[in-house]
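J.: got a predicted structure here, sequence first:
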Amino acid sequence: MPELPEVETTRRGISPHIIGKKITGITLRNASLRWPIPNDLNEKIQNKTAKSVERRGKSLLLAVANGHVIIHLGMSGSLRIMQNADAPQKHDHLDIHFGKNLALRYNDPRRFGAVLWTDEPLVEHRLLHHLGPEPLTENFNADYLFTRSRKHTQPIKSWIMDSKIVVGVGNIYANESLFNANIHPLKSPQEISLKQYQTLVSEIKRVLSHAIERGGTTLRDFVGGDGKPGYFAQELNVYGRGGLPCLKCNKVLTEKRVAQRSTVYCVECQR
DNA sequence: CAGCGCCCCTGCCCGC
DNA sequence: TGCGGGCAGGGGCGCT
C-alpha cells in the first residue's frame, strides 16, 4: 500500500504510542521477508527504550540506544498499534512488545518488505547510503533535477522513481505529478527544461504534501486496528483512469507499461 | 556506467 | 464454481 504519504502517516500514527516506552520483547512468527528478519533482533532491542521513529524515503527508522530497526513496508506491508494481545491474523509476521498491553504489529502479505537491525550510522547503511534527497525538503529543487538530468536518456517517469535521484516518488504520484506538470512520461530527462523542472518539482511537493494531509484521516485506522488505507479515495487525475477521458481536455487517456509499471497519461496535455 | 528487465510473494479480479 | 492469467502502490540486483 505504501507510497511516501502512507509511510509518513504510519510514522505519525505509531510514534506517539511507542516513543519513550521500553521494548519488552518480540514475537517473530515468520522471518522470511525480502531479507530474513535477523534472529538476534530480540537480544538487540529487548529492554531498550524507543527513542524516535524517523522516516528516510519509504523506510521507517526506529531508534534505540544501541542502533536502529529499519522497517520497510514494501508493496503490501503495514504497521499497527495493538492495545491488547489480539490473536494474530494471517501475515502478522512480527510483534514488538512494549509491556503486556501495547505492541507494534507488522503485517505483510506479499513479504516484499523488510525488518532489519543496524548499529552502524544510518547514512552508511547499504539500503540508505545511496538515497537522493527527500522530496519535501529544499534540497529537492529544479536546479538540482536539471543539473542531474543532463545526459540521462531513460523515460522521465522511471528517472523520478529512481531513489538515487529523489526518494519517495512511487508509481501513483509519478503518474500524477507528470500529468499535473504537463510532461510526457516517456520524454527523456535531458530534454526537459529548467522551467519544466520547476513545475514538476512543485507538483511533486504539492501532490505528496496533500496526500500526507489527507493521510491524517486514516490515522485512527492504524491505531484502532482496521488498517484500510484512505488515500485511494482521494481524487487521482490519471492513475487508474486509462481509457477514460482526460479531466483537462476530454481526450481518452493512454495506458502503457513503462519499466513494468502501469503508466497513464494524456497525449494531448503531456508533451 | 546507465538503463533495462527480472524477480521476490500473495491476493484479487476477470474471462472461460 | 474452479482454474489460469494478469496485475498490484517497491526496489535490489544482475545483465548488457
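T.: Sure thing, it's come through.

J.: give the bridge partners for A:Ser22, please.
T.: Wrong residue type there; residue A:22 is Lys, not Ser. A:Thr49 (DSSP bridges).

J.: that one against A:Lys48, yeah?
T.: Yes. In this structure, A:Lys22 is within contact of A:Lys48 by CB atoms under 8 Å, at 7.2 Å. Any C-beta I mention is one placed from the backbone N, CA and C, and that applies to glycine too.

J.: ok, and the closest non-adjacent residue to the residue in the stretch 1-150 of chain A positioned nearest to DNA strand B?
T.: Closest to DNA strand B within the stretch 1-150 of chain A is A:Arg110: 3.3 Å, counting by CB to the nearest atom of the strand. Excluding its sequence neighbours, the residue lying closest to A:Arg110 (CB to CB, 6 or more residues apart in numbering) is A:Ser76, at 4.2 Å.

J.: what's the spacing between that neighbour and A:Gly113?
T.: 8 Å (CB to CB, to the nearest Å).

J.: the two: who's more crowded?
T.: More neighbours surround A:Gly113 than the other of A:Ser76 and A:Gly113, with 25 against 15 (other CB atoms under 10 Å).

J.: hang on, isn't the more buried one packed against A:Leu79?
T.: No. Here A:Gly113 lies out of contact with A:Leu79, judged by CB under 8 Å, at a distance of 9.8 Å.

J.: what is in contact with those two at once?
T.: A:Ile71, A:Leu73, A:Tyr106 (CB atoms under 8 Å, 6 or more residues apart in numbering).

J.: where does the second one sit relative to DNA strand C, distance-wise?
T.: What it means is A:Leu73. A:Leu73 sits 7 Å away from DNA strand C, going by CB to the nearest atom of the strand, to the nearest Å.

J.: many thanks, we can stop here.
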